[in-house]
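[1] What follows is a predicted protein model with its sequence.
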Amino acid sequence: MPQDEDRRESDGPPTPTQVPYVSPLENLAEFTPKAAVAGIFFGILFGAANAYLGLRVGLTISTSIPVAVLTAAAFKVLSSAGHRSTILEANLSQTIGSASSSIASGVIFTLPALFLWDLAPGLLQMVILAMCGGLLGVLFMIPLRRFLIQREHGKLPYPEGTACAEVLRASQEGGRRGHNVFWGLGIGALFKGLAGWVQLFPRELHFSLPFLKKSQLGLDFSAALLGVGYILGPRIAIIMVSGGLLSWVVLIPAISFWGEGRSQPLYPEALLPIAEMPPDDIWSRYVRYIGAGAVATGGLITLIRSIPTMIESFRLGLGELRGRARDSVLEALRTDQDLPLRGVLLALLGVGVVMSVLPFVFGGTTPFGLRVVAALMVVVSAFFFVTVSSRIVGLVGVTSNPTSGMTIVTLLAVSSIFLLMDWTGDAAKMTVLTVGCVVAVAASIAGDTSQDLKTGFLLGATPRRQQLGELVGVLSSATFVCLAVLVLDRTYGFGSQELPAPQATLMKLVVEGVLENSLPWVLVGIGVAIALTAEMLRIPSLPFAVGVYLPVTTMASVCVGGLIRFFLERGAPSSGEGQQRADRGILLGSGMVGGEGLIGVGIAAAAFVQGAAPSGLGYSWAGSAAPLIGLLVFSLLTGALVFGSLGKLGARGTGR
């Protein structure tokens with residue numbers, strides 16, 4: 001066991017005097033070519049997969065733990081071949097690899113809106129935006145590390161960072177914790193290959209309720225969604241599917257009943273009256289705006305609740321920055337050495353200059369003066385939300401980081417300023433979205449960086465080497481994430497059934513609502529009321545609103561994953577076994593997300609090269625039984641998740 005056990009209190013988190021796994025007096029190999037290459041490879045792998053997942057369902061998963069497991073497994077294989085690796089090398093690789101998920105989150109939440117406006121950015125512009133956001137997020141975290149990670153140790157648990165430390169420790173002590181990730185990768189890839197490439201069965205199952213006009217339920221046959229549901233857990237999964245049921249079993253039938261006798265289209269629809277619209281059209285033309293109002297309100301409520309934390313974090317962040325500016329002497333201990341603050345400040349200045357000087361960053365037609373204003377807004381907003389994000393994830397984890405709410409606030413502020421300046425054309429839209437992209441990436445990467453620094457603090461890593469690793473992760477993954485986004489758009493198209501890009505669509509509606517005053521405010525107001533009602537009923541408004549906003553088929557698959565976890569944990573003979581089942585299932589689910597995402601990107605890449613999507617065998621041979629075949633294969637998939645959680649998937653004995 002780690003040497004710091006005697007420093008733990010009997011109940012509660014470790015004390016601030018905890019001794020790291022590796023002594024500060026030891027100098028183990030850490031930032032090596034092997035660690036860097038492995039981290040870059042896993043970052044590209046999961047970055048592309050997360051981009052696909054986010055464009056499909058509007059959320060991404062934290063990849064820190066899967067990357068830590070894969071890194072530990074890969075280094076164990078290398079060690080058995082005579083190439084010994086240290087735990088600090090594995091941690092550095094995980095640090096580099098996990099940065100890609102945050103890059104993907106910021107990019108897919110915002111930039112697809114430009115494609116929906118037919119203002120598609122080029123690859124170079126996208127990469128520069130992603131890099132600027134990533135660099136700001138990492139650089140602003142450097143002066144905050146000593147306070148948030150070191151001094152607040154015992155108060156801010158940083159759950160993913162602590163879990164990664166435990167995974168890497170376990171890899172040094174033996175065990176087989178990593179095999180479920182590999183099984184998940186294979187299962188997810190196989191399932192997506194059969195559904196998306198071979199097209200052996202339909203992607204979804206739909207059915208109507210006979211007693212409710214135009215109501216619709218269904219199930220999305222997706223390994224990724226099933227894995228996401230297991231990762232989120234039963235409570236959030238049930239809340240999300242409840243929002244979906246509200247849309248498809250209550251709102252759509254209600255709108256259909258209300259519009260049954262009306263012969264004219266109702267705004268924002270301009271062609272068909274409601275009576276002639278199928279359920280999907282009612283959802284896209286009316287319910288989606290209700291969902292957008294609910295999601296925006298839920299994100300803002302989450303942000304408002306964080307205001308005390310924001311103010312305190314911002315105050316402490318400024319104080320720490322001033323204190324570090326006065327302190328030019330590096331600490332003697334290896335585990336307390338950050339990158340020099342002078343270099344950090346110069347790098348921040350360089351990022352601001354790049355955004356101001358290069359005309360294509362915010363859009364080629366943006367005047368220089370407005371580029372300077374936009375760059376200043378980016379830097380100020382990024383510092384504010386970095387301090388907020390890094391503290392919030394320390395309390396509740398990366399998955400609860402309200403990045404979308406922070407992005408919405410940024411878009412509202414910038415759009416309002418441009419509206420006052422009477423600048424509302426396409427160039428203004430592009431500038432607003434690109435500003436939001438940089439801030440979203442910065443806030444997202446700050447949460448990831450703080451978790452990684454927590455892992456390093458527990459293991460005894462060198463902070464400055466981890467900070468360099470984060471910078472390498474940002475710079476290496478940005479190109480591949482953006483390239484994956486471009487390939488996915490050219491293959492499927494954003495706004496399509498395969499890739500609806502829900503978060504980016506929401507950001508598009510926010511900007512249009514301010515600059516064009518084009519939102520159907522009655523529908524948006526209904527969404528606001530739904531979110532407020534959920535809060536009054538003590539239901540978390542943001543996941544409920546996401547359920548309202550997304551198709552019910554998506555939410556149903558997520559719910560199945562959450563329910564599997566609920567029944568497995570509840571049926572465990574002890575709380576310890578229940579936690580082990582949860583851990584095994586989370587690793588398997590993470591692998592399933594990665595496997596499906598990678599094959600999804602692979603299909604898009606093949607279609608990009610060939611000029612057409614692969615037609616596959618098709619499922620016409622099955623006739624009316626095709627949906628049942630899809631349901632059968634999906635049932636086998638759920639069985640694999642159950643067996644993997646129980647430790648019986650491809651393992652002998654305990655399967656641990």
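    Cool, got the structure.
[2] Off-centre distance for the longest helix anywhere in the chain?
    Longest helix in the chain, counting residues (DSSP state H): helix 575-610. Distance, stretch centre to chain centre, for helix 575-610: 14 Å (CA atoms, centre = their mean, to the nearest Å).
[3] tilt between whichever helix or strand comes after it and helix 575-610?
    For helix 575-610, the following helix or strand on the C-terminal side (DSSP states H and E) is helix 626-645. If you take axes from the mean of the first three to the mean of the last three CA atoms, to 10 degrees, helix 626-645 sits at 130 degrees to helix 575-610.
[4] Can you list the buried residues in helix 626-645?
    Across helix 626-645, burial judged by 16 or more other CB atoms under 10 Å covers 626-627, 629-630, 633-634, 637-638, 640-645. (Glycine included, C-beta is placed from N, CA and C.)
[5] what helices or strands is it leaning on?
    Helix 626-645 is packed against helix 179-192, strand 204-207, helix 223-232, helix 552-570, helix 575-610, with contacts defined by 3 or more CB pairs under 8 Å, 6 or more residues apart in numbering; DSSP states H and E.
[6] ok, 6 Å please
    Judged by 3 or more CB pairs under 6 Å, 6 or more residues apart in numbering; DSSP states H and E, the packing partners of helix 626-645 are helix 179-192, helix 575-610.
[7] now the angle from it to helix 179-192?
    Following the same axes, to 10 degrees, one obtains 170 degrees for the angle between helix 626-645 and helix 179-192.
[8] returning to what we had before: can I get the helices and strands packed on helix 626-645 in a markdown table with distance to residue 112 and mean neighbour count?
    Formatted as a markdown table, those follow (distance: least, CB to CB, whole Å; neighbours: other CB atoms under 10 Å):
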| stretch | distance to residue 112 | mean neighbour count |
| --- | --- | --- |
| helix 179-192 | 21 | 23 |
| helix 575-610 | 14 | 22 |
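[9] These: lowest mean pLDDT?
    Note on the helices and strands packed on helix 626-645: lowest mean pLDDT is at helix 575-610, with a mean of 79.
[10] so where do the strands sit in this structure?
    Under the criterion DSSP state E, strands of the chain are mapped to 204-207, 217-220.
[11] Next, the buried residues of the first one.
    Going back to what we said before, that points to strand 204-207. Applying a neighbour-count criterion of 16+ other CB under 10 Å, one finds 204-205 buried in strand 204-207.
[12] and if you look at stretch 68-83?
    Within stretch 68-83, the residues that count as buried by 16+ other CB under 10 Å are 68-76.
[13] what is the mean pLDDT for that stretch?
    Here the average pLDDT along stretch 68-83 is 77.
[14] So what touches it?
    The contact list for stretch 68-83 (CB atoms under 6 Å, 6 or more residues apart in numbering) reads 38, 42, 85, 90, 93-94, 164, 167-168, 171, 178, 181.
[15] got the strands of the chain as a markdown table, with distance to residue 540 and mean pLDDT columns?
    Formatted as a markdown table, those follow (distance: least, CB to CB, whole Å; pLDDT from 0 to 100):
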| stretch | distance to residue 540 | mean pLDDT |
| --- | --- | --- |
| strand 204-207 | 27 | 86 |
| strand 217-220 | 22 | 89 |
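[16] Switch those over to JSON lines; also include distance to residue 155.
    Output for those, formatted as JSON lines (distance: least, CB to CB, whole Å):
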{"stretch": "strand 204-207", "distance to residue 155": "46"}
{"stretch": "strand 217-220", "distance to residue 155": "40"}
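[17] Mind checking those for the one nearest to residue 243?
    Checking the strands of the chain against residue 243 by CB to CB gives strand 217-220 as the closest, at 13.8 Å.
[18] Count residues in the vicinity of residue 229, would you?
    Each residue near residue 229 was counted by other CB atoms under 10 Å, and the total is 29.
[19] Now do the closest residue to it other than its chain neighbours against residue 642, distance only.
    Excluding its sequence neighbours, the residue lying closest to residue 229 (CB to CB, 6 or more residues apart in numbering) is residue 561, at 2.3 Å. Applying CB to CB, to the nearest Å, the value for residue 561 to residue 642 is 11 Å.
[20] what does residue 226 give?
    11 Å.
[21] Quick check: residue 581 touching residue 644?
    No - in this structure residue 581 lies outside contact range of residue 644 using CB atoms under 6 Å: 9.5 Å.
[22] about what we covered before: list just the nearest of the buried residues of helix 626-645 to residue 117.
    Using CB to CB, those come closest to residue 117 at residue 630, 34.8 Å.
[23] tell me which of the buried residues of stretch 68-83 is nearest to residue 133?
    Nearest member of these to residue 133, counting by CB to CB, is residue 68, at 23.8 Å.
[24] Would you check how far apart that closest one and residue 591 are?
    13 Å.
[25] buried ones in stretch 25-33?
    Buried residues in stretch 25-33 (16+ other CB under 10 Å): 30-31.
[26] Dump the C-alpha coordinates for that stretch into CSV.
    Extracted as CSV, the C-alpha positions of stretch 25-33 are listed here (Å, rounded to 0.1, in the frame of the first residue of the first chain):
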residue,chain,number,x,y,z
LEU,A,25,13.7,13.5,-2.8
GLU,A,26,13.5,10.8,-5.5
ASN,A,27,14.1,11.6,-9.2
LEU,A,28,12.3,9.0,-11.2
ALA,A,29,12.0,9.1,-15.0
GLU,A,30,8.9,11.3,-15.8
PHE,A,31,8.8,13.3,-19.0
THR,A,32,10.3,10.8,-21.4
PRO,A,33,9.7,10.3,-25.2
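[27] give the contact list for the nearest residue to residue 347 once chain neighbours are set aside.
    Distance criterion CB to CB, 6+ apart; nearest residue to residue 347, sequence neighbours excluded, is residue 139 at 5.6 Å. Residue 139 makes contact with 344, 347-348, according to CB under 6 Å, 6+ apart.
[28] and those residues as TSV, adding neighbour count?
    Converted to TSV, those look like this (neighbours: other CB atoms under 10 Å):
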residue	neighbour count
344	20
347	17
348	18
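[29] now, which of those sits nearest residue 48?
    Of all the contacts of residue 139, residue 347 has the smallest distance to residue 48: 27.1 Å, by CB to CB.
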